[in-house]
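Participant: got a sequence here, can you model it:
(4 chains, ligands or ions: 6)
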Amino acid sequence: MDFDTPLAEAWVRAIAAAVEKEQGRLTELDSAIGDGDHGSNLQRGFAAVLTALDGLQPAGPGAVLTKTGTTLISKVGGASGPLYGKAFRAIGAALPEPAGPAALAEALAAGLDAIRALGKAEPGDKTIVDAYTPAVAAFRTAAATGATLPEAAAAAADAADQGAHATIPLRARKGRASYLGERSIGHQDPGATSTALIFRTLADITTS
Amino acid sequence: MDFDTPLAEAWVRAIAAAVEKEQGRLTELDSAIGDGDHGSNLQRGFAAVLTALDGLQPAGPGAVLTKTGTTLISKVGGASGPLYGKAFRAIGAALPEPAGPAALAEALAAGLDAIRALGKAEPGDKTIVDAYTPAVAAFRTAAATGATLPEAAAAAADAADQGAHATIPLRARKGRASYLGERSIGHQDPGATSTALIFRTLADITTS
Amino acid sequence: MKKLINTPESVLEDALAGVAAAHPELTVDIPNRVITRAVRPAAPKVALISGGGSGHEPLHGGFVGPGMLDAACPGEIFTSPVPDQMLAAAKAADSGAGVVFIVKNYTGDVMNFELAAELAAEEGVEVRTVLVNDDVAVEDSTWTAGRRGTGATVLVEKTAGALAERGAPLDEVAALGERVNAASRSFAIALTAATVPAAGKPGFDLPEDEIEVGVGIHGEPGRRREKLRPARELAAEVVETILADHHLNPGDEVIALLNGLGGTPLLELYIVYGEVAARLAAHGITVARSLVGNYVTSLDMTGFSLTLTKADTQLLELWDAPVDTPALKRA
Amino acid sequence: MKKLINTPESVLEDALAGVAAAHPELTVDIPNRVITRAVRPAAPKVALISGGGSGHEPLHGGFVGPGMLDAACPGEIFTSPVPDQMLAAAKAADSGAGVVFIVKNYTGDVMNFELAAELAAEEGVEVRTVLVNDDVAVEDSTWTAGRRGTGATVLVEKTAGALAERGAPLDEVAALGERVNAASRSFAIALTAATVPAAGKPGFDLPEDEIEVGVGIHGEPGRRREKLRPARELAAEVVETILADHHLNPGDEVIALLNGLGGTPLLELYIVYGEVAARLAAHGITVARSLVGNYVTSLDMTGFSLTLTKADTQLLELWDAPVDTPALKRA
Ligand SMILES: Nc1ncnc2c1ncn2[C@@H]1O[C@H](COP(=O)(O)OP(=O)(O)O)[C@@H](O)[C@H]1O
Ligand SMILES: Nc1ncnc2c1ncn2[C@@H]1O[C@H](COP(=O)(O)OP(=O)(O)O)[C@@H](O)[C@H]1O
Ligand SMILES: [Mg+2]
Ligand SMILES: [Mg+2]
Ligand SMILES: [Mg+2]
Ligand SMILES: [Mg+2]
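Facilitator: Ligands and ions are numbered 1, 2, ... in the order given. Next comes the predicted model:
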């Protein structure tokens, strides 16, 4: 199985559905240590992405993701809009057509680079980066050891889940949660959680 | 027993004490159909009256009550300030020294006239007038049939209590409670209640 | 009760100290509770004096200044001021041209201002009284206390203030005030009750999904309860209630005051105003001027009132005239 | 949740419709979410553009007008606007003299304005960015997101706006903005949390007798909780916290902004301001100018923030300069 245009579209649509479903939980997490809008931000963004995709005749999987990123930048705002927007644009730009596991790993890594270039967060700062970094590492390792796309995606999803979960004891150093200082400890980061959701979605659609 | 200067002073001081004690209940009643300040209005007024009396060498019982009225006008505001203020001033002005039951009955009646002249309320409008009117009538009747001051005051207090209680089923036509229309029905009028308190206090200090 | 106060007893005094500190352009006589302009008008003019219970800020102290009031008399929370205050204000502000008392129609206010007018007359100050009674939620009858004075007060103070500033004589200023009042109607809806500091709890309890319709500005409950509905429907109800009482025809112009009751954020007031404007447009009524914000409040009450004043050339011109007060400024 | 809204989703759009209806002096592009002056400045001048999440009204749309902003970009509630908005505003407002972005220091705002600045530069608009970060409740370190921007925004917008209006060049206007920000410190206390319409319930729960100290303007909790105390003590705590960080000496002059967070009545703000002024006087610090009211709010949050800006002749003169916006007017 390669990452082709239908799969790219299916992924983005599945993310939109997952965000719609998990909106409440994401906002709940953001209320605890942020400003209570992460769920509605992503919901608004991916709803707009669906509309944008409807009219699109994508040239390839990269075009799907680039359009996704551009739309997120234009519609989300907040911290997550530019971060996820730049990430999807970077993934799209780096994606050959069709992409095997190794190529997809590198494209996903380009997305992480974009997030880090813009947001300047280090691992351990209690952000998206804490879920994204282990996910890329796991995807790469799996791809390098000959895993199929579904296998690599599943490994990445598990690693992202663990990374998101591991943000709980952290003290935030970036984003709004950093304003809470010590009080940010004990809560899972909303952005890391949505990143885990995005990787879990990739695993789900490739296995089903 | 005649209504003399010490008795006048004792009455006013006893009203101040009663208002201090019943402040919460009066405000509660005023919250239901008014603006929730009747207790604090009277408390503020009579506290000022106490201060005013402390420095006073009254020429007679009339002077005590005139001073009380003037102080209430200057310190209370709201509806009850001018009404009680004018009433006490009228009582004071009408009071001979010392006054027997009949003379006191007429002085109290002058107080009622003052309230009606200023506030233009009729009996049944759910106001001070509904407690004050029967109280004066009872005081007059008792005095006319040879009752002592304590007996007349007790009769007036009972009549005032009944008058205040009888405001419950009334629909207010004057004061803030009138804004509630039908919804003013079922609540005892705060001003009628404080009037009953004032007459009860007179009965208490003359019998004890 | 959660409030930024020192003690319930000292609320008025402490707030006046803050007003004094914040506004060098005002003179605040804290013991006597009178707020006047720090700089007296250069030429003799009719003095406008308003007053009423506190808890409605910026009314009235926030409207003292060139182009509007000469003095304000703040009473205790929701309690009309005492005659001594209005007398002191009248004596301080009268420049020989006489004084207009602007009085909101509440039993207490009316009586205290009446006593003050008697006292002022005894001291040789000529006084006229303009009674404001614009609230259509209250039945207007000679057998009752009559309609309450609410939002129209701002319009009366602004337009009569502008006229007085131009040197109009006493009777003319008072007549203008009465005319503006007669041309105005208001109606209010509350989402939550006000908490008087001395009482310590809300004046009435409202379930999470209910509102009070036809509420006053003194924490008194309204005429009835309803379920909370979208802003569009509440705006429609308020507009229709006012229009049912007001003689406005398609093509008429109004000044609209969309007023917050104290605890409602500006964002929500704008949402309601948008709906009000659309509804009026559907009736063919033109909003010639509007004012959206917290002007006649009821402590921390959430909700809004709408005031519609039928406009004409003179009123618009007086409304647009320069004013320089803490709460209303116009070049 | 009790709010005067139609639906949680339409809050921003509906509020903008209200702003458009209430303010003919503004042009409100509702689809693109850009508020500009209806009348463009006569001569070319540096354009000031500000923006941020909605829910802080009158910030920023209420400060568009002669003497202050040229355009504002309101985002969703508590969510920074998107780059497209700032790009559209920059293109609409630029008269060739360049554009200053006034950005409150929040990760989202910084990133979205950064993307917008790139896009604007590509389209030939010269852009400078002034970052506002005045909130001493947040640790100031290069390893974190840094201090939040709050009340100082009003001072930056007002003074830089006045300077731009006089024709000062781009770098000078930006430098003044940075100077004002550097001279400003803020601190806030909340009595209750804000309720984001889409969330439907308060961002945090506070017991009846507790407050959040060092709170932000986006519903985020503060650094710690305390028992509610009298206004005098809260004012003292806020003043002392700011002074501990600010380099102010006896004899220094400040501009003080005592700002309500949205749900607090003006009466209480004046009580707090009186205490703040007394405390500053005790330190020998002179309040040269003050502003008391709701200027940088957090939806329905109750509480206040204090901003102290060290003043000098230039800043006072720019602060006093004429301004004509919905929320701030000066002749
Ligand atoms: N500098 C950063 N780098 C990476 N992720 C970040 C950064 N700052 C914030 N985030 C992520 O953004 C999430 C919040 O997104 P969201 O709530 O949509 O935006 P906002 O904070 O503007 O309201 C946080 O939970 C965090 O994971
Ligand atoms: N016109 C009137 N005549 C007689 N009593 C009146 C009149 N109007 C109001 N009252 C009395 O005043 C009482 C309320 O007093 P208070 O609460 O102190 O003043 P306010 O209504 O101004 O807040 C009412 O309960 C009523 O008994
Ligand atoms: Mg958020
Ligand atoms: Mg009362
Ligand atoms: Mg009262
Ligand atoms: Mg946000």
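Participant: what segments of chain C are helices?
Facilitator: Taking DSSP state H to define them, one finds helices in chain C at C:11-22, C:83-93, C:107-122, C:152-165, C:170-182, C:231-245, C:266-282, C:313-320.
Participant: any part of the last one near chain D?
Facilitator: No: for helix C:313-320 and chain D, the contact criterion (Cβ under 8 Å from any Cβ of the partner chain) is not met; the two come no nearer than 12.7 Å. In short, each C-beta sits where N, CA and C put it, glycine included.
Participant: got the angle for that helix vs helix C:152-165?
Facilitator: 90 degrees (axes from the mean of the first three to the mean of the last three Cα atoms, to 10 degrees).
Participant: got it, and the longest one?
Facilitator: Here the directions of helix C:266-282 and helix C:152-165 differ by 80 degrees (the same axes, to 10 degrees).
Participant: do helix C:266-282 and chain D meet?
Facilitator: Yes: using Cβ under 8 Å from any Cβ, helix C:266-282 reaches chain D at C:266, C:267, C:268, C:269, C:270, C:271, C:272, C:273, C:274, C:275, C:277, C:278.
Participant: tell me how many other residues crowd the residue in chain C positioned nearest to ligand 3.
Facilitator: Using Cβ to the ion, the point where chain C gets nearest to ligand 3 is residue C:267, with a distance of 18.1 Å. Residues near residue C:267, counting by other Cβ atoms under 10 Å in any protein chain shown, number 28.
Participant: residue A:51 now?
Facilitator: Neighbours around residue A:51, by other Cβ under 10 Å: 12.
Participant: and it, helix, strand or coil?
Facilitator: Taking DSSP: H, G, I helix; E, B strand; the rest coil as the rule, one finds residue A:51 in the helix state.
Participant: per-residue confidence for it?
Facilitator: Residue A:51 carries a pLDDT value of 97.
Participant: repeat that for residue C:144.
Facilitator: 72.
Participant: check residue A:1 too.
Facilitator: The model reports residue A:1 with a pLDDT of 85.
Participant: list the contacts of it.
Facilitator: By Cβ atoms under 8 Å, 6 or more residues apart in numbering or on different chains, residue A:1 lies in contact with A:7, A:148, A:149, A:150, A:206.
Participant: got a list of what residue 126 touches?
Facilitator: Defaulting to chain A. Neighbouring residues of residue A:126 by Cβ under 8 Å, 6+ apart: A:167, A:170, A:171, A:172, A:173, A:174, A:175, A:177, A:178, A:184, A:189, A:192.
Participant: wrong one, chain C
Facilitator: So residue C:126 contacts C:98, C:99, C:170 (Cβ under 8 Å, 6+ apart).
Participant: again, 6 Å this time
Facilitator: Residues near residue C:126 by Cβ atoms under 6 Å, 6 or more residues apart in numbering or on different chains: residue C:98.
Participant: how much space between it and ligand 1?
Facilitator: Counting by Cβ to the nearest ligand atom, to the nearest Å, the gap between residue C:126 and ligand 1 amounts to 62 Å.
Participant: just to revisit the earlier point, which one, of the helices of chain C, ends up nearest to residue B:22?
Facilitator: Of all the helices of chain C, it is helix C:107-122 that lies closest to residue B:22, at 20.3 Å by Cβ to Cβ.
Participant: now the closest one: mean pLDDT?
Facilitator: The average pLDDT within helix C:107-122 is 96.
Participant: quick one, longest helix in chain A?
Facilitator: Chain A, longest helix under DSSP H: helix A:5-33.
Participant: ok, that one near ligand 1 or not?
Facilitator: Yes: using Cβ under 6 Å from any ligand atom, helix A:5-33 reaches ligand 1 at residue A:30.
Participant: how far does that helix sit from the chain's center?
Facilitator: 9 Å (Cα atoms, centre = their mean, to the nearest Å).
Participant: apart from its chain neighbours, what residue comes closest to the closest residue to ligand 1 within chain A?
Facilitator: At 2.0 Å from ligand 1, residue A:191 is the closest residue in chain A, using Cβ to the nearest ligand atom. Nearest in space to residue A:191, with sequence neighbours left out and distances taken as Cβ to Cβ, 6 or more residues apart in numbering or on different chains, is residue A:128 at 4.1 Å.
Participant: so who does the residue of chain A closest to ligand 1 touch?
Facilitator: For residue A:191, the residues meeting the contact criterion (Cβ under 6 Å, 6+ apart) are A:80, A:127, A:128.
Participant: isn't residue C:225 right up against residue C:210?
Facilitator: Yes: using Cβ atoms under 6 Å, residue C:225 is in contact with residue C:210, at 5.1 Å.
Participant: quick check, residue C:149 in contact with residue C:105.
Facilitator: Yes: Residue C:149 lies in contact with residue C:105 (Cβ under 6 Å); the separation is 4.6 Å.
Participant: quickly run through the sheet partners of the worst-scoring helix or strand of chain C on mean pLDDT, with directions.
Facilitator: Lowest by mean pLDDT, DSSP states H and E among the helices and strands of chain C is strand C:224-227, with a mean of 94. Counting by DSSP bridges, the strands paired with strand C:224-227 are strand C:210-213 (antiparallel).
Participant: need the residues that contact the strand it pairs with.
Facilitator: By Cβ under 6 Å, 6+ apart, strand C:210-213 touches C:189, C:190, C:191, C:221, C:222, C:224, C:225, C:226, C:228.
Participant: what do you get if the cut-off is 10 Å, keeping everything else the same?
Facilitator: C:137, C:187-193, C:204, C:206, C:220-229, C:234, C:237-238, C:241, C:301-303, D:2, D:4 (Cβ atoms under 10 Å, 6 or more residues apart in numbering or on different chains).
Participant: just the buried residues out of those residues, in ChimeraX syntax.
Facilitator: Restricted to buried positions by 16 or more other Cβ atoms under 10 Å in any protein chain shown, the ChimeraX selection for these reads:
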select /C:137,187,188,189,190,191,192,193,204,206,220,221,222,223,228,234,237,238,241,301,302,303 /D:2,4
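Participant: which parts of chain C belong to which domain?
Facilitator: Using automatic domain parsing, the domain ranges for chain C come out as C:8-182, C:184-319.
Participant: could those domains go into TSV alongside distance to residue A:116?
Facilitator: Converted to TSV, these look like this (distance: least, Cβ to Cβ, whole Å):
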stretch	distance to residue A:116
domain C:8-182	48
domain C:184-319	35
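Participant: more crowded one of residue C:149 and residue C:105?
Facilitator: The neighbour count for residue C:149 versus residue C:105, taken as other Cβ under 10 Å, is higher for residue C:149 (28 against 19).
Participant: next one, pLDDT for the residue of the stretch 201-331 of chain C found nearest ligand 2 please.
Facilitator: Residue nearest to ligand 2 within the stretch 201-331 of chain C: residue C:218 (7.2 Å; Cβ to the nearest ligand atom). Listed pLDDT for residue C:218 reads 87.
Participant: kindly report the same for residue A:35.
Facilitator: Among the per-residue scores, residue A:35 shows a pLDDT of 85.
Participant: Provide a list of residues in contact with the closest residue to it other than its chain neighbours.
Facilitator: Spatial nearest neighbour of residue A:35, excluding adjacent residues (Cβ to Cβ, 6+ apart): residue D:218 at 3.9 Å. When contacts are counted by Cβ under 10 Å, 6+ apart, residue D:218 touches A:34-37, A:176, A:179, D:52-53, D:55-56, D:77-79, D:104, D:106, D:108, D:148, D:150, D:194, D:196, D:203, D:298-299, D:301.
Participant: which ones among the residues you listed map onto strands?
Facilitator: Judged by DSSP state E, these include D:52, D:53, D:77, D:104 as members of strands.
Participant: now, among the residues you listed, which is nearest to residue C:156?
Facilitator: For these, the minimum distance to residue C:156 (Cβ to Cβ) is 36.7 Å, reached by residue D:77.
Participant: please name the nearest non-neighbouring residue to that closest one.
Facilitator: Closest residue to residue D:77 apart from its sequence neighbours, by Cβ to Cβ, 6+ apart: residue D:55 at 4.6 Å.
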